[in-house]
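Colleague: Quick one: sequence plus predicted model below, questions after.
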Amino acid sequence: MVSRIITKRAIHAKASTYSPKYLTASQIDSYNTNGFIIARQVLPPNITNNLQRWAKELEDLPETPGKWMKYFEEDKAKKSRLLCRIENFLPYFPELKEVALGLITDISSDLFSEQAVIYKEKINFKFPKGNGFNAHQDQPAFVSFGISKLLTVLMPIDPNTRLSGGLDIVPQGHIPRVILPQNSDGAIRTDVEAKLNWAPVDAEPGDLVIFDSYTPHRSDINLSNFCRRNLYLTYNPLSLGSLRDQYYEEKRRSFPPECERDPNKDYSAGAKVFNVANPIK
């Protein structure tokens, strides 16, 4: 019993004395107040200048069962598939793994005021005329894993503007920490969405947009002539567990990429958890 008390006191002392490595006290306070921050041009050139190359290399990977996970939306005009997302690529991509487990983990730790750990990773591809993502919160996708505190770091690979389908976010929308009423696709119920105070969030490569898992956000169709790609890295406090492997094991079972799907199996239940408010088929 004595050893347990000492351990708990030690852990509490360590958490309470955490010193931020990258973010200022003002940035951390703004994040806690508003549920998101935009950190302008904080990425070093060796990351910013390689984002497009890394994204293209991932885009060119073949669909391969058991490895990275490529998801598609439907291009109704051309009646073909349009790449929408790639997940689970860090084990196969050392350069991005170094970024995710290094600098971005440290920045996430600053916002948690304790050590962060990677939870999941994805790149969303929004090609010209690619569909937007309906208004939603990320938290419903994490409920089944028992994690109540997460954040996502968005790294723009291409300019996020009104024309290219950049994000809208609801400042202070993470308070109170509840899941808002939903439509059948997991999007925020339309009448609730209409009453929220949405703010446009435009960002450039080199910026970071970081938001809480309860913060409502959405994006529109890409009306530009270029693909709008965003890298998203999601983290939770290490004190809540390291669940990345468990997350992807469950996602691969419940809502796998098309190349792994059993044509005789219904994946609609998995889609309700892992395919919230997006155009992926």
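Modeller: Noted; the coordinates are in hand. As the structure is a computational prediction, the values presented were derived from the model and not from experiment. Numbering: from 1, shown residues only.

Colleague: So what pairs up with the one residue sitting closest to the centre of the chain in the strands?
Modeller: Per C-alpha atoms, centre = their mean, the C-alpha nearest to the average position across the chain is that of residue 232, at 4.1 Å. Using DSSP bridges, the bridge partners assigned to residue 232 are residue 122, residue 154.

Colleague: Would you map the strands across the stretch 1-150 of the chain?
Modeller: Across the stretch 1-150 of the chain, reading from the start of the chain, the strands by DSSP state E, counting those that start in this stretch fall at 36-39, 69-75, 80-87, 116-126, 133-136.

Colleague: list the contacts for the residue nearest to the centre of the chain?
Modeller: For residue 232, the contacting residues are 121, 122, 123, 124, 152, 153, 154, 155, by C-beta atoms under 8 Å, 6 or more residues apart in numbering. Bear in mind the C-beta positions are built from the backbone N, C-alpha and C, glycine included.

Colleague: Looking at those residues, spot the one nearest residue 76.
Modeller: Comparing the contacts of residue 232 against residue 76 with C-beta to C-beta picks out residue 124 as the nearest, at 18.9 Å.

Colleague: In contact with that closest one, which residues?
Modeller: Counting by C-beta under 8 Å, 6+ apart, residue 124 makes contact with 84, 85, 133, 229, 230, 232.

Colleague: What pLDDT does the model give the residue nearest to the centre of the chain?
Modeller: In this prediction, residue 232 carries a pLDDT score of 98.

Colleague: now it: how far from residue 75?
Modeller: The gap separating residue 232 from residue 75 is 22 Å, by C-beta to C-beta, to the nearest Å.

Colleague: Of all the strands of the stretch 1-150 of the chain, which one is nearest residue 49?
Modeller: With distances scored as C-beta to C-beta, the stretch of the strands of the stretch 1-150 of the chain nearest to residue 49 is strand 116-126 (17.0 Å).

Colleague: And the closest one, what's buried?
Modeller: Within strand 116-126, the residues scored as buried using 16 or more other C-beta atoms under 10 Å are 116, 117, 118, 119, 120, 121, 122, 123, 124, 125, 126.

Colleague: List the contacts of stretch 193-209.
Modeller: Around stretch 193-209, the neighbours that count as contacts under C-beta under 8 Å, 6+ apart are 36-43, 48, 51-52, 107, 135, 153-162, 166-171, 173, 187-188, 216, 218.

Colleague: one more time with 7 Å
Modeller: Contacting residues not belonging to stretch 193-209 are listed as 36, 38-43, 48, 51, 135, 153-157, 159-162, 166-171, 173, 216 [C-beta atoms under 7 Å, 6 or more residues apart in numbering].
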